[in-house]
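# Here's my sequence, what's the structure:
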Amino acid sequence: MSLKIRPYSPSDRQAVRKICCDTGFMGNPIDPVYIDRDAFADFFTRYYTDIEPESALVAVDEDRVVGYLLGCLRYNSINRQTLWIILTKTVPKILGRVLAFRYNRASFKFLSWFLFKASGETPNSVPGAAHFHVNMYKEYRTGIAGRRLIFPFVNSVAKKGIKGVYGQMQVYEDRRSEKAFERYGFKFMDRKEITKFKDYHDQRVWVATIYHEFKKDDEVPIPEVK
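Numbering: from 1, shown residues only. Below is the predicted model of the structure:
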């Protein structure tokens, strides 16, 4: 693996959005679940790439962006700004596509889940803490690659006087993810089962909140890729 981690650049925006959609269905393309890739990428990446790009990192393999970390230090304003983006930028596009009969039954069902169930299936956040979201193509989900994205961000946040940092991630029946992050000082704070993919598989899936509270001179070791 020849991964390089670097700060996000505006030229990476389309690559980040593509990864989001190519992996949005449990690591697979989101298209069978929700046909509107543009709106899907808006929901999950647009705040970070357009409002707080300085808090994002990308993983690059031979000049190809293969993963990303989207971070947020502006925890007091993200919800308000995200809602504004969705209402003013995304909703008009969705309405236009609906009126043009471009949505199928699965897409309407996903949209209904997003509007009426998503917030209830989101685990608790940590008030006053920074947060991050990591995503990458399947072949790069080695564990080490994800940690190489997460820990530089965590260490940079630790120097800014913020009380801690949390991430939210999909977890399954086994507890391997929990044990891996516990080794680096993260605690699992909450998890909730998500139902948006229930029609497509029998496996139960949760979204969990992992949290690292900073102490004086705290730093999380960054593992090397061998």
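
# do you know how far residue 166 is from residue 30?
Residue 166 sits at a distance of 24 Å from residue 30 (criterion: Cβ to Cβ, to the nearest Å). Any C-beta I mention is one placed from the backbone N, CA and C, and that applies to glycine too.

# now residue 182
Distance, residue 182 to residue 30, using Cβ to Cβ: 30 Å.

# Out of these two, name the residue with the larger neighbour count.
Neighbours per residue, other Cβ atoms under 10 Å: of residue 182 and residue 30, the larger number sits with residue 30, 20 against 13.

# does that one count as helix, strand or coil?
Using DSSP: H, G, I helix; E, B strand; the rest coil, the structure places residue 30 in coil.

# Pull up the gap between it and residue 21, please.
5 Å.

# Name the residues that touch stretch 161-169?
73, 122-123, 125-126, 128-134, 150, 153-154, 157-158, 177, 189, 207-214 (Cβ atoms under 8 Å, 6 or more residues apart in numbering).

# which among those end up buried?
Among the contacts of stretch 161-169, those scoring as buried are 73, 123, 125-126, 129-134, 150, 153-154, 157-158, 177, 207-212, 214 (criterion: 16 or more other Cβ atoms under 10 Å).

# Identify those among the residues you listed that sit within helices.
150, 153, 154, 157, 158, 177 (DSSP state H).
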